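Undergrad: Structure of the sequence below:
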Amino acid sequence: MADYAIVNVKELDNAAEQFGLAPDVEARFGRKALDAQKGGFSYQRLAPNFRQPFGHHHAAQEETYVVLSGSGRVKLDDEIVEVKQWDAIRVAPRTKRAFEGGPDGIEFLAFGAGESGDAEMHEDFWPAD
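TA: Next up is the predicted model:
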């Protein structure tokens with residue numbers, strides 16, 4: 001086995017299709033495809049004004065998000081923060097988080113450090129409009 005791996009992010013399966021979230025969401029996860037042992041990443045794209053329908057947090061995995069294009073908002077526990085292209089957001093494991101696309105949508109990479117599979121989902125995470 002080689003000591004490296006290369007994948008094309010856009011060739012990874014769109015997991016959003018499995019959960020009925022496409023075409024408003026594109027979610028491609030690279031940990032398994034890269035055979036990553038201590039970290040992972042995902043590519044996420046949200047349609048304009050689309051809000052992730054749930055939040056999540058991790059027991060032990062810290063995550064960093066980098067906004068590649070567009071803008072939007074991220075809800076971190078009870079705080080909602082505006083984000084734009086090239087913003088990097090570090091989120092501690094126990095902090096609940098979810099994104100919402102702005103008027104042009106939002107596209108970001110998420111990098112996780114630590115073991116995967118420790119996510120807990122939170123339905124009805126966003127306040128009612």
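
Undergrad: quick one: residue 30 and residue 39 touch, right?
TA: No. The criterion here is CB atoms under 8 Å, and residue 30 misses it with residue 39 at 9.9 Å. For glycine as for every other residue, the C-beta is placed from the backbone atoms N, C-alpha and C.

Undergrad: okay, those two: which has more neighbours?
TA: Here residue 30 and residue 39 are compared on neighbour count by other CB atoms under 10 Å; more neighbours surround residue 30, at 19 against 16.

Undergrad: quick one: that one from residue 81, how far?
TA: Per CB to CB, to the nearest Å, residue 30 is found 26 Å from residue 81.

Undergrad: give the contact list for the residue lying closest to residue 93 once chain neighbours are set aside.
TA: Using CB to CB, 6 or more residues apart in numbering and skipping the chain neighbours, the partner closest in space to residue 93 is residue 58 (4.5 Å). Residues in contact with residue 58 (CB atoms under 8 Å, 6 or more residues apart in numbering) are 93, 94, 112, 114, 118, 119, 120.

Undergrad: ok, now residue 21?
TA: 27, 53.

Undergrad: that's a strand at it, yeah?
TA: No. Assignment of residue 21 by DSSP: H, G, I helix; E, B strand; the rest coil gives coil, placing it outside any strand.

Undergrad: circling back: beta-bridge partners for the residue nearest to residue 93, please?
TA: residue 119 (DSSP bridges).

Undergrad: buried stuff in the biggest strand by length in the chain?
TA: If you go by DSSP state E, the chain has its longest strand at strand 97-113. Neighbour-count burial for strand 97-113 flags 97-102, 105-112 (criterion: 16 or more other CB atoms under 10 Å).

Undergrad: elements contacting it?
TA: strand 39-46, strand 54-58, strand 62-76 (3 or more CB pairs under 8 Å, 6 or more residues apart in numbering; DSSP states H and E).

Undergrad: Of the ones you listed, which is nearest residue 20?
TA: Residue 20 sits nearest to strand 54-58 of all those, at 12.6 Å, using CB to CB.

Undergrad: list the buried ones in that closest one?
TA: In strand 54-58, counting by 16+ other CB under 10 Å, buried: 55, 57, 58.

Undergrad: Understood, closing this out.
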